[in-house]
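In: Have a look at this prediction, sequence included:
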Amino acid sequence: MNYRHAFHAGNHADVLKHMVLVNLLEALNRKDSPYFVLDTHAGRGHYLLASPEARKTSEAEHGVFKLFGQPQLHPSIEAYLRAVQAHNPVGALVAYPGSPLLVAQHLREGDRLAACELQPEEAQALRELFHRDTRVAVHARDGYGAIKALLPPRIGQVKYGRGLVLIDPPYEAQDAEYPQIIAAVREGLTRWPGASFAVRYPIKQRRTLQPFLRKAAALPARSVWLAELQVRADDSPLRLAGSGMLMINAPWQFEQAIAPALPQLQQALGEAGATTRLEWLRQPD
């Protein structure tokens, strides 16, 4: 793989993904029992926004930077911004936390994170980031394979009945990625039915996603819904128009924390033709 997330850290796709992630973690923390998180494509976990990679694309300037200083944001967006600010000097934004770092920020003493990263350099950076955190295990391995290897999660005598699997592959071969995702989620649901699954997917031309979403709706899950943020019209197969989060077995009424935040993200980050949607593919019984 040639993908490096340093070029894209803090962009509009990260904003949507990490807003959903932070609020998922806060929902998990409302119950006392411990939980387990599997991040299948973790990256290096921490990105400097003044790095040559970030400056080459300037994607954060059209993403997270546009939200800082905005008045009267929805509490779900505010929670996300507080989580990002926690890894920066007060009043400044010089670094962007990746998903594993945001997860670790929310873990309690008994909670655990398994972060998988296949690229050797990124995996080594991830190990260095968490070398003193005993709650976090870094695995230099394929994240899809980790679903079979690590689920259902058990560490010592502790069996984790609840938690989250976060799937955000690089989509270098986009059409080939979707069958892997469906197979992985199906396997995960069989092994760990009490977990929630969150899958990020890119939007270039929305109509091309229909086969993937139909298969997602047929998964053996209690509920399936999606939240999408398009920052521009989906008129080009070569340009990223937006992204979506596919939510499987999300916490009860979790969509109510996300839906009202989407129009604010559209207003802050969107260009002409920007849209959002939250749609149920399978409603709970």
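Out: Cool, the structure landed. Residues are numbered from 1 along each chain as shown.
In: CA atoms for contacts and neighbours, from now on please.
Out: Fine.
In: from memory Pro97 sits against Leu49, does it?
Out: No - contact criterion C-alpha atoms under 8 Å: Pro97 and Leu49 do not qualify, at 10.2 Å.
In: can you give me the strands for the chain?
Out: Under the criterion DSSP state E, strands of the chain are mapped to 36-39, 46-48, 95-97, 112-116, 136-139, 154-155, 158-159, 163-167, 196-203, 224-230, 242-248, 275-282.
In: Format those as JSON lines; extra columns: distance to Leu129.
Out: Below are these laid out as JSON lines (distance: least, C-alpha to C-alpha, whole Å):
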{"stretch": "strand 36-39", "distance to Leu129": "15"}
{"stretch": "strand 46-48", "distance to Leu129": "8"}
{"stretch": "strand 95-97", "distance to Leu129": "11"}
{"stretch": "strand 112-116", "distance to Leu129": "12"}
{"stretch": "strand 136-139", "distance to Leu129": "10"}
{"stretch": "strand 154-155", "distance to Leu129": "22"}
{"stretch": "strand 158-159", "distance to Leu129": "25"}
{"stretch": "strand 163-167", "distance to Leu129": "19"}
{"stretch": "strand 196-203", "distance to Leu129": "24"}
{"stretch": "strand 224-230", "distance to Leu129": "30"}
{"stretch": "strand 242-248", "distance to Leu129": "26"}
{"stretch": "strand 275-282", "distance to Leu129": "35"}
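In: could those strands be laid out in CSV, adding mean pLDDT and mean neighbour count?
Out: Below are those laid out as CSV (pLDDT from 0 to 100; neighbours: other C-alpha atoms under 10 Å):
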stretch, mean pLDDT, mean neighbour count
strand 36-39, 98, 26
strand 46-48, 95, 19
strand 95-97, 97, 23
strand 112-116, 98, 25
strand 136-139, 98, 20
strand 154-155, 94, 11
strand 158-159, 94, 12
strand 163-167, 98, 23
strand 196-203, 97, 23
strand 224-230, 98, 24
strand 242-248, 98, 24
strand 275-282, 97, 17
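In: which stretch among the ones you listed comes nearest Ser58?
Out: strand 46-48 (11.9 Å; C-alpha to C-alpha).
In: which helices and strands sit right next to that closest one?
Out: strand 95-97 (3 or more C-alpha pairs under 8 Å, 6 or more residues apart in numbering; DSSP states H and E).
In: and the strand it packs on, how far from the chain's centre?
Out: Computed by C-alpha atoms, centre = their mean, to the nearest Å, the chain-centroid distance of strand 95-97 equals 14 Å.
In: Kindly report the same for stretch 244-262.
Out: With C-alpha atoms, centre = their mean, you get 12 Å for stretch 244-262.
In: Same question for stretch 29-36.
Out: Worked out by C-alpha atoms, centre = their mean, stretch 29-36 lies 19 Å from the chain centre.
In: Use 55 as the first number from now on
Out: Got it, first residue is 55 now, which makes that one stretch 83-90.
In: Flag every buried residue along it.
Out: Asn83, Pro88, Tyr89, Phe90 (16 or more other C-alpha atoms under 10 Å).
In: That stretch spans what distance, first to last residue?
Out: For stretch 83-90, the first-to-last residue distance is 11 Å (C-alpha to C-alpha, to the nearest Å).
In: Identify all contacting residues around it.
Out: Stretch 83-90 has contacts (C-alpha atoms under 8 Å, 6 or more residues apart in numbering) with 82, 160, 162, 164-168, 207, 214-218.
In: Which of the buried residues of stretch 83-90 sits closest to Arg98?
Out: Distance to Arg98 across the buried residues of stretch 83-90 (C-alpha to C-alpha) is lowest for Phe90, with 19.6 Å.
In: measure the closest one to Gly99 for me?
Out: 18 Å.
In: Next: Ala177.
Out: Ala177 is 9 Å from Gly99, by C-alpha to C-alpha.
In: Flag every buried residue along the helix or strand of the chain with the lowest mean pLDDT.
Out: Least confident helix or strand of the chain, by mean pLDDT, DSSP states H and E, is helix 106-111 with a mean of 89. Neighbour-count burial for helix 106-111 flags Glu107, Ala108, Arg109 (criterion: 16+ other C-alpha under 10 Å).
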